[in-house]
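[1] just coords:
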């Protein structure tokens, strides 16, 4: 299937876009849905008694229903945020600060993106709770032995990323969540890198909190989702205070709106939610099975091609079943930023750097990598362009490397 | 950029991969670390003075070809200059990268560092080229303020 034709940026520009792990391109249907909302239905939701405002409210709340159904949650468990980072901060502030004390432990995987790591450092500093890490093995995977060694009866929060944005490792989150629950911990799951590629069912996973960004799954920038179990969200204090999250406001105190509004202060991003709805429609129309099959073929092809270049180091598990659509690599002796500049000159867009995962890179023993991340619109031709550009980059440096 | 090889030219490649300036001095008067948190580049610059003259310099650390070579070339250019001359050269280099200084005659004092002129065509890499120069600027500022 040719999905590229649905994405105007990819039609108009002659590029191999291999940075979907950072943000995806948007299909015409998402762009159209956002445009239609602003042209025909825009008003402040939840405020006006006039029909236009009610249309905006419906667009927003229907979007929430669609998102809830998409992840198998109930609507009051779906909180709209600006991105995954805000969703994770909400959990850290509203759950972490109020529920942790100095005898408790927070356990994170070393694979966490800074967004599920830095907020917990803050909680640790404020509450005195000890911060511990679960480390990966030589095959870039997290062993259950390590999980069981680190999660103890003292552990109150476990932060785990479903798929690493650096190594592409798919963590066995179901097993980790079950084990954490057996020890009495709540689990904060980051599915930002998995939900674009595979079905996420929050009930089946039984995670307590689940965060993701819309823009990594075809939706516009500036929209993110936090799922939280109702019994937890109900007990939590609000994160942001202000308009629309209140019930009664007196001069000296306030009672708060019920879920989910309690966590949604201020005018919300209706256009973003509308775009997210359209993104879900697009993903469901294609089907996760087709997305997974297409990406599997592409990633296998890319790994096969890149593995043949003896000057390349790949930072990924050798078990394809545990690996998603992210390939981190380096040309031995050449800095990733130089490689990325040369690739850019060939129309190949990859990310270079530490990928907001400095502790992971330090643990692996490197400063940075090049990262090619794939999505449904990529083609074998994109992979061929990547490999040809990598070969060119190596040739430019080769004679200087041999000295 | 139309021709990337223009940027990754002989001077830049030689200095980035095999720099004789990448070493530790036996003693130094000033030492400072330049760090770019976005990309992880870290460059430590050592300076040894003889009165008002920069007698010797060296660098260590890691980073991309552009930041490494820019540091090494800067050392070649600044060694043997007075502090006042060094400050002028640094200002000219930064001006060149920002395209505020284009006068060929003025740019001549940059010697080999003129090889970085085209980096302004690669906006994503400007910070790489400037890292060492900003670090050296800070060192000279400290020197003026009488710190050690």
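    The structure has been received and is ready for your questions. Keep in mind the model is a prediction, meaning the values are calculated, not measured. Numbering: from 1, shown residues only, chains lettered A, B, ... in the order given.

[2] Tell me the first helix or strand C-terminal of the helix or strand harbouring residue A:339.
    Per DSSP states H and E: residue A:339 is located in helix A:336-345. Reading on from helix A:336-345 to the C-terminus, the next helix or strand found by DSSP H and E is strand A:348-349.

[3] On the three-state scheme, whichever residue of the stretch 151-300 of chain A sits closest to chain B is what?
    Nearest residue of the stretch 151-300 of chain A to chain B: residue A:166, at 13.2 Å (Cβ to the nearest Cβ). Quick note: C-beta positions are derived from backbone N, CA and C, even for glycine. Classification of residue A:166 using DSSP: H, G, I helix; E, B strand; the rest coil returns coil.

[4] Does it touch residue A:360 like I think?
    Yes: here residue A:166 reaches residue A:360: they are 5.7 Å apart, a contact under Cβ atoms under 8 Å.

[5] In contact with residue A:26, which residues?
    The contact partners of residue A:26, taken as Cβ atoms under 8 Å, 6 or more residues apart in numbering or on different chains, are A:7-9, A:218-220, A:275, A:279.

[6] is it true that residue A:162 touches residue A:194?
    Yes: the pair residue A:162 / residue A:194 is scored as a contact, 3.9 Å apart, by Cβ under 8 Å.

[7] Distance of residue A:35 relative to residue A:278?
    Distance of residue A:35 to residue A:278, computed by Cβ to Cβ, to the nearest Å: 11 Å.

[8] what about the two, which has more around it?
    residue A:278 (26 against 13; other Cβ atoms under 10 Å in any protein chain shown).

[9] what residues does the lowest-mean-pLDDT helix or strand in chain B touch?
    Least confident helix or strand of chain B, by mean pLDDT, DSSP states H and E, is helix B:4-7 with a mean of 79. By Cβ under 8 Å, 6+ apart, the surrounding residues in contact with helix B:4-7 are A:341-342, A:345, A:396, B:1, B:66, B:118-119, B:121-122.

[10] in it, what's buried?
    B:4, B:7 (16 or more other Cβ atoms under 10 Å in any protein chain shown).

[11] Quick check: chain neighbours aside, which residue is closest to the residue in the stretch 51-200 of chain A that chain B sits nearest to?
    Nearest residue of the stretch 51-200 of chain A to chain B, counting by Cβ to the nearest Cβ: residue A:114, 11.3 Å away. Nearest residue to residue A:114, sequence neighbours excluded (Cβ to Cβ, 6 or more residues apart in numbering or on different chains): residue A:356, at 4.5 Å.

[12] residue contacts, the one you found?
    Taking Cβ under 8 Å, 6+ apart, one finds A:113-115, A:165 in contact with residue A:356.

[13] Any chance of the contacts of helix B:4-7 in a markdown table with neighbour count and distance to residue A:100 as columns?
    Compiled in a markdown table, the contacts of helix B:4-7 are given as follows (neighbours: other Cβ atoms under 10 Å in any protein chain shown; distance: Cβ to Cβ, whole Å):
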| residue | neighbour count | distance to residue A:100 |
| --- | --- | --- |
| A:341 | 23 | 44 |
| A:342 | 24 | 47 |
| A:345 | 19 | 49 |
| A:396 | 17 | 51 |
| B:1 | 14 | 51 |
| B:66 | 27 | 44 |
| B:118 | 16 | 53 |
| B:119 | 22 | 48 |
| B:121 | 15 | 51 |
| B:122 | 17 | 46 |
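
[14] Out of those residues, list just those in helices.
    A:341-342, A:345, A:396, B:66 (DSSP state H).

[15] so does whichever helix in chain B runs longest get close to chain A?
    Using DSSP H, we find that the single longest helix of chain B is helix B:126-144. Yes: under the criterion of Cβ under 8 Å from any Cβ of the partner chain, helix B:126-144 makes contact with chain A via residue B:128.

[16] Residues touching that helix, excluding its own?
    Helix B:126-144 has contacts (Cβ under 8 Å, 6+ apart) with A:337, B:30, B:32-34, B:36, B:38-39, B:41, B:43, B:45, B:47, B:49, B:59, B:63-64, B:66-67, B:70-71, B:74, B:78, B:83, B:86-87, B:90, B:93-94, B:97, B:116, B:119-120, B:148.

[17] Could you list the buried residues of stretch B:94-113?
    Buried-residue list, stretch B:94-113, by 16+ other Cβ under 10 Å: B:94-97, B:107, B:110, B:113.

[18] Report the contact partners of the residue nearest to the spatial centre of chain A.
    For chain A, the residue nearest the mean C-alpha position is residue A:192 (1.5 Å; Cα atoms, centre = their mean). Residues in contact with residue A:192 (Cβ under 8 Å, 6+ apart) are A:84, A:113, A:161, A:165, A:211-213, A:216.

[19] rerun at 7 Å
    By Cβ atoms under 7 Å, 6 or more residues apart in numbering or on different chains, the residues touching residue A:192 are A:84, A:212-213, A:216.

[20] what do you get for residue A:21?
    Residue A:21 touches A:165, A:193, A:326, A:371, A:373, counting by Cβ under 7 Å, 6+ apart.

[21] Which of these fall in strands?
    The strands, defined by DSSP state E, take in A:326, A:371, A:373 from the contacts of residue A:21.

[22] rewinding a little: looking at residue A:166 and residue A:360, which one has more neighbours?
    More crowded of residue A:166 and residue A:360, by other Cβ under 10 Å: residue A:360, with 28 against 25.

[23] what's the offset of the helix or strand containing the more buried one from the middle of its chain?
    Using DSSP H and E, residue A:360 falls within helix A:358-364. Helix A:358-364 sits 19 Å away from the centroid of its parent chain (Cα atoms, centre = their mean, to the nearest Å).

[24] What is it packed up against?
    Contacts defined by 3 or more Cβ pairs under 7 Å, 6 or more residues apart in numbering or on different chains; DSSP states H and E place helix A:358-364 against no helix or strand at all.

[25] got the contact list for it?
    Counting by Cβ under 7 Å, 6+ apart, A:110-111, A:117, A:135, A:166, A:315, A:354, A:367-368 sit against helix A:358-364.

[26] does residue B:85 sit in a helix, a strand or a coil?
    helix.

[27] Count the neighbours of it for me.
    By other Cβ under 10 Å, neighbour count at residue B:85 equals 16.

[28] next one: residue B:141
    11.

[29] Give me the pLDDT for residue A:175.
    Looking at residue A:175, its pLDDT is 98.

[30] from what I can see it touches residue A:144, true?
    Yes: counting by Cβ atoms under 7 Å, residue A:144 is a contact partner of residue A:175 at 6.3 Å.

[31] Brilliant, that's me finished.
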